[in-house]
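1. pasting the sequence and the predicted model now:
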Amino acid sequence: QVQLVESGGGLVQAGGSLRLSCAASERTFSKYTMGWFRQAPGKERTFVTFINRNGGTYYADSVKGRFTISRDNAKNTVYLQMNSLKPEDTAIYYCAARLTGYGSTSYREYDYWGQGTQVTVSS
């Protein structure tokens, strides 16, 4: 069982920045693909970005150039640096772990999820 704990959410004005963190409980963290998804009220959970175990990354078009995913395998932690935030980025952000295979944009392909952290961007 992999436990994921997100932190770093909050309220920020448009144009501001936040950094989310997701700490994993397992020492085999380095073998996982890690993803970030978000869910706005009344909407489906949508893909934001992932980072493969080899460091390869992929981003949704809506966040490309503004968000950066990274990982620190020594700390079992994945990060999401969010810059130039917009009101439409407001959502609950979830990190997820995929134990086998490379990254996927489908939330159904991920095996474990964190509890989520709220990000609110005011205009």
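-> Everything's here; your move. Just so it is clear, the model here is predicted, and its values are computed rather than measured. Numbers count the residues shown, from 1 in each chain.
2. residue contacts, the residue most central in space within the chain?
-> Nearest to the mean C-alpha position of the chain, by C-alpha atoms, centre = their mean, lies Trp36 at 2.4 Å. Residues near Trp36 by C-beta atoms under 8 Å, 6 or more residues apart in numbering: 20, 22, 48-50, 69, 78, 80, 93-96. Any C-beta I mention is one placed from the backbone N, CA and C, and that applies to glycine too.
3. hmm, try it at 6 Å
-> Neighbour list for Trp36: 48-49, 80, 95 [criterion: C-beta atoms under 6 Å, 6 or more residues apart in numbering].
4. cool, and Asp111?
-> 97-99.
5. looking at those, state which has the most neighbours.
-> With neighbours taken as other C-beta atoms under 10 Å, the top of the contacts of Asp111 is Ala97, carrying 22 neighbours.
6. picking that back up, so which of the contacts of Trp36 are in strands?
-> If you go by DSSP state E, the contacts of Trp36 have 48-49, 80, 95 in strands.
7. which residues does Gln118 bridge with?
-> Assessed by DSSP bridges, Gln118 has beta-bridge partners Ile92.
8. neighbours around it, how many?
-> Using other C-beta under 10 Å, Gln118 has 12 other residues around it.
9. same question, Ala74
-> Residues near Ala74, counting by other C-beta under 10 Å, number 8.
10. Gln115 now?
-> 11.
11. for it, give me phi and psi.
-> Here is the backbone geometry of Gln115 (degrees, to the nearest 10): phi -80, psi -10.
12. excluding chain neighbours, what is closest to it?
-> Using C-beta to C-beta, 6 or more residues apart in numbering and skipping residues adjacent in sequence, the residue nearest Gln115 is Glu6, 6.7 Å away.
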